[in-house]
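[1] Got a predicted structure plus its sequence, pasted below:
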Amino acid sequence: MKDDPNPPPSPAAPAAPPPSDLSELRSLDDIIEHFIGNFGLKQLIQSVLLSFAWFFDAQQTFISVFTDAKPEWICNNHFSSTTTCNSTANICRLPKESWSWKTPAHASIVSDWSLECAGPVITALPSSSYFLGCLVGGFVLATLADSFFGRKNTLVLSTLIMSVSGLLTAASTNIWMYVGLRFVSGFGRSNVGICALVHASELVGKKWRQKVGVFGFLFCSFGFLSLPLIAFLIRGSSWRFMYIWTCSPCVLYSFVLYFSANESPRSMSSKKNINLTERFFENCIRENIDDDRRIYSILLGKKWALRRLAASVVVGFGVGMAYYGMPLGLGSLSFGNLYLSVALNAASELSAEVLLFIVIGKLKRRGSLIGLCLLSGVCGSASVFAVGLEGVEMGLELVSFFSVCIAFNVLLIYVVELFPTRVRSTAMSVVRGSTLVGGLVGPIVVGVAGGKNGGSLAYVVFGAAIAVCGFTVVLLPETTGKTLCDYMEEEEARDGE
């Protein structure tokens with residue numbers, strides 16, 4: 001029998017099944033997206049849970065705007081008509097019985113512990129001590145997240161230290177006890193934002209990584225915005241309640257985080273040669289041990305990594321000084337309502353985060369960071385020409401702060417993209433540490449220069465610092481649209497370093 005010259009068409013070939021061999025997948029991004037999807041409900045819940053740590057981070061960072069504020073004072077009736085007591089007088093040269101605070105003495109540590117004449121260094125010491133704690137904790141705890149301890153455990157430990165020490169701060173009996181506990185709180189807080197940002201970014205594929213990174217910044221803005229609301233609701237009450245109301249929920253959050261959050265698969269895979277299976281990604285929790293830790297030597301052993309780190313540290317110092325210092329100086333401006341001015345700054349930061357969430361996917365890191373630093377510097381310095389013009393002065397401060405908020409967040413996202421997984425948390429800790437050095441200097445600048453030239457001189461210093469430091473960004477490569485690397489060798493091969 002002859003073959004049919006017109007045989008029936010062959011059935012369509014079945015669709016190629018998903019790769020069964022992980023070696024067919026080119027990168028860890030491909031593996032993550034293959035097993036757990038690009039971005040589903042589970043990833044959303046985990047990302048929100050982790051990013052919420054920024055809410056408490058912001059509260060403890062800016063809480064001193066209210067707890068350490070210098071209250072307004074008035075002359076007592078018996079002395080108000082005399083020449084010895086008037087609104088321009090130095091209260092340190094007036095008899096104690098000739099004046100009194102407008103608000104209850106327990107509303108601020110300055111009035112509660114009679115620090116009005118202690119000098120700017122002493123009154124700035126609690127805030128500087130907090131940032132010093134952040135700096136020390138950043139270096140001491142930096143490699144924990146990259147080591148056997150893992151991202152999740154480091155984040156839980158950090159939030160617990162920050163919140164418990166914050167509750168103890170409410171029991172302080174003098175300025176020195178208060179300064180010490182603020183240092184401990186800052187020590188714990190040092191890794192909160194870093195771990196939350198890196199951990200959340202590593203739980204999703206590359207398409208959503210940038211926007212997930214902005215989640216934390218949004219929660220940071222809400223945390224900042226909650227402070228003037230809490231302060232207004234408990235106005236007239238003791239400053240101690242500010243710590244109680246902000247730290248108690250954080251303790252509860254730490255336990256929820258421990259029992260609900262998953263460990264980062266990317267972090268675990270970079271530390272050991274782990275077989276990434278479907279069961280692993282369903283659980284996302286596995287103990288892992290890495291006995292040989294030399295993170296800093298790995299990071300500093302490459303010239304390209306050292307160059308990137310040094311440039312990021314310089315720009316981080318300028319950005320940190322402006323970001324942390326500007327809210328602390330609001331009380332020295334001619335704009336009289338502290339609650340409103342802080343709320344406006346918090347709303348400015350929130351709008352900056354929303355804008356960043358929309359444009360982050362297309363935003364060029366290097367060019368935008370230089371432009372934002374310059375804009376913030378120019379507006380901050382220009383406030384010296386608007387002394388006495390409340391609306392103009394406040395408007396310039398808001399634009400300057402709006403710019404520095406975006407610059408701060410772009411810098412953190414930039415650093416995530418500049419370094420491979422192996423050293424990412426450590427690099428983030430170092431850069432975050434440089435922002436904290438700026439934050440440490442910020443309260444001193446406000447204390448020394450905040451009372452001069454209508455309070456605007458401090459903003460001139462902030463503006464000059466961020467503008468000058470921002471130019472070091474030209475030493476960094478553009479990272480927009482590039483895939484994250486897991487190892488130093490991959491980064492070198494990708495960028496030709």
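    Perfect, thanks for sending it.

[2] which element is Thr154 on?
    helix 150-169 (DSSP states H and E).

[3] got the CA positions of that helix in CSV?
    Extracted in CSV, the C-alpha atoms of helix 150-169 (Å, rounded to 0.1, in the frame of the first residue of the first chain):
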residue,chain,number,x,y,z
GLY,A,150,19.3,36.6,58.5
ARG,A,151,17.2,39.6,57.4
LYS,A,152,14.1,38.7,59.4
ASN,A,153,15.7,38.0,62.7
THR,A,154,17.8,41.2,62.4
LEU,A,155,14.7,43.3,61.8
VAL,A,156,12.9,41.7,64.7
LEU,A,157,15.8,42.3,67.1
SER,A,158,16.2,45.9,65.9
THR,A,159,12.5,46.8,66.3
LEU,A,160,12.5,45.3,69.8
ILE,A,161,15.6,47.1,71.0
MET,A,162,14.2,50.4,69.6
SER,A,163,10.7,50.0,71.1
VAL,A,164,11.7,48.7,74.5
SER,A,165,14.3,51.3,75.0
GLY,A,166,11.8,53.9,73.9
LEU,A,167,9.4,52.7,76.6
LEU,A,168,12.2,52.9,79.2
THR,A,169,12.9,56.5,78.0
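
[4] So which elements touch that helix?
    Contacts defined by 3 or more Cβ pairs under 8 Å, 6 or more residues apart in numbering; DSSP states H and E place helix 150-169 against helix 53-62, helix 175-189, helix 192-202, helix 240-260, helix 265-271. For glycine as for every other residue, the C-beta is placed from the backbone atoms N, C-alpha and C.

[5] Select, out of the ones you listed, the one closest to Asp68.
    helix 175-189 (9.1 Å; Cβ to Cβ).

[6] Give me the buried positions along the closest one.
    175, 178-189 (16 or more other Cβ atoms under 10 Å).

[7] what would the residues you listed look like in CSV with pLDDT?
    Shown next, in CSV, are these (pLDDT from 0 to 100):
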residue, pLDDT
Ile175, 94
Tyr178, 96
Val179, 95
Gly180, 95
Leu181, 96
Arg182, 96
Phe183, 96
Val184, 95
Ser185, 95
Gly186, 93
Phe187, 93
Gly188, 91
Arg189, 90
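
[8] Between the residues you listed, which sits nearest Gly329?
    Arg182 (18.6 Å).

[9] hang on, the earlier thing: save the helices and strands packed on helix 150-169 as TSV, and put in distance to Lys70 too.
    Converted to TSV, the helices and strands packed on helix 150-169 look like this (distance: least, Cβ to Cβ, whole Å):
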stretch	distance to Lys70
helix 53-62	16
helix 175-189	14
helix 192-202	29
helix 240-260	16
helix 265-271	45
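
[10] For Leu475, find the nearest of the ones you listed.
    helix 192-202 (22.4 Å).

[11] Could you tell me the angle between the next helix or strand along the chain from the closest one and helix 53-62?
    Using DSSP H and E, the helix or strand that follows helix 192-202 towards the C-terminus is helix 206-233. Using axes from the mean of the first three to the mean of the last three Cα atoms, to 10 degrees, the direction of helix 206-233 lies 40 degrees away from that of helix 53-62.

[12] If we ignore the residues flanking it in sequence, what's nearest Leu50?
    Ala200 (4.4 Å; Cβ to Cβ, 6 or more residues apart in numbering).

[13] Tell me how many other residues crowd the one you found.
    Ala200 has 27 neighbouring residues, counting by other Cβ atoms under 10 Å.

[14] Pull the contacting residues for it.
    By Cβ atoms under 8 Å, 6 or more residues apart in numbering, the residues touching Ala200 are Gln46, Ser47, Leu50, Ser51, Val212, Gly213, Phe215, Gly216.

[15] Of those residues, which is the nearest to Val110?
    Nearest to Val110, judged by Cβ to Cβ, of the contacts of Ala200 is Gly216 at 32.2 Å.

[16] Give me the pLDDT for that closest one.
    Looking at Gly216, its pLDDT stands at 82.

[17] Distance of it relative to Leu328?
    Separation of Gly216 from Leu328 (Cβ to Cβ, to the nearest Å) stands at 22 Å.

[18] doesn't Pro71 make contact with Ile109?
    No. Using Cβ atoms under 8 Å, Ile109 is not in contact with Pro71, being 10.4 Å away.

[19] So for the two, which sits in the more crowded spot?
    Using other Cβ under 10 Å as the criterion, Ile109 and Pro71 rank with Ile109 on top: 22 against 17.

[20] still on that earlier bit, format the buried residues of helix 175-189 as JSON lines; extra columns: distance to Ala458.
    Below are the buried residues of helix 175-189 laid out as JSON lines (distance: Cβ to Cβ, whole Å):
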{"residue": "Ile175", "distance to Ala458": "22"}
{"residue": "Tyr178", "distance to Ala458": "23"}
{"residue": "Val179", "distance to Ala458": "21"}
{"residue": "Gly180", "distance to Ala458": "26"}
{"residue": "Leu181", "distance to Ala458": "26"}
{"residue": "Arg182", "distance to Ala458": "21"}
{"residue": "Phe183", "distance to Ala458": "23"}
{"residue": "Val184", "distance to Ala458": "27"}
{"residue": "Ser185", "distance to Ala458": "24"}
{"residue": "Gly186", "distance to Ala458": "21"}
{"residue": "Phe187", "distance to Ala458": "26"}
{"residue": "Gly188", "distance to Ala458": "28"}
{"residue": "Arg189", "distance to Ala458": "24"}
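
[21] Pull out the buried residues from stretch 214-227.
    214-227.

[22] residue boundaries of the helices in the stretch 251-400 of the chain?
    265-271, 278-283, 295-300, 303-328, 338-359, 365-382, 390-418 (DSSP state H, counting those that start in this stretch).

[23] so which of those helices comes closest to Val251?
    helix 338-359 (23.5 Å).

[24] between the closest one and helix 390-418, how big is the angle?
    Between helix 338-359 and helix 390-418, the angle comes out at 40 degrees (the same axes, to 10 degrees).

[25] Dump helix 338-359 to CSV, keeping only the CA atoms.
    In CSV, the C-alpha atoms belonging to helix 338-359 read as follows (Å, rounded to 0.1, in the frame of the first residue of the first chain):
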residue,chain,number,x,y,z
LEU,A,338,4.8,73.9,65.4
TYR,A,339,2.0,71.4,65.0
LEU,A,340,1.1,72.8,61.6
SER,A,341,4.6,73.3,60.4
VAL,A,342,5.5,69.6,61.3
ALA,A,343,2.3,68.4,59.7
LEU,A,344,3.1,70.4,56.5
ASN,A,345,6.6,68.8,56.4
ALA,A,346,5.1,65.4,56.9
ALA,A,347,2.6,66.0,54.2
SER,A,348,5.4,67.2,51.9
GLU,A,349,7.3,64.0,52.5
LEU,A,350,4.2,61.9,51.8
SER,A,351,3.6,63.7,48.5
ALA,A,352,7.2,63.1,47.7
GLU,A,353,6.8,59.4,48.3
VAL,A,354,3.7,59.2,46.2
LEU,A,355,5.4,61.0,43.3
LEU,A,356,8.4,58.7,43.6
PHE,A,357,6.2,55.6,43.6
ILE,A,358,4.7,56.8,40.2
VAL,A,359,8.0,57.8,38.5
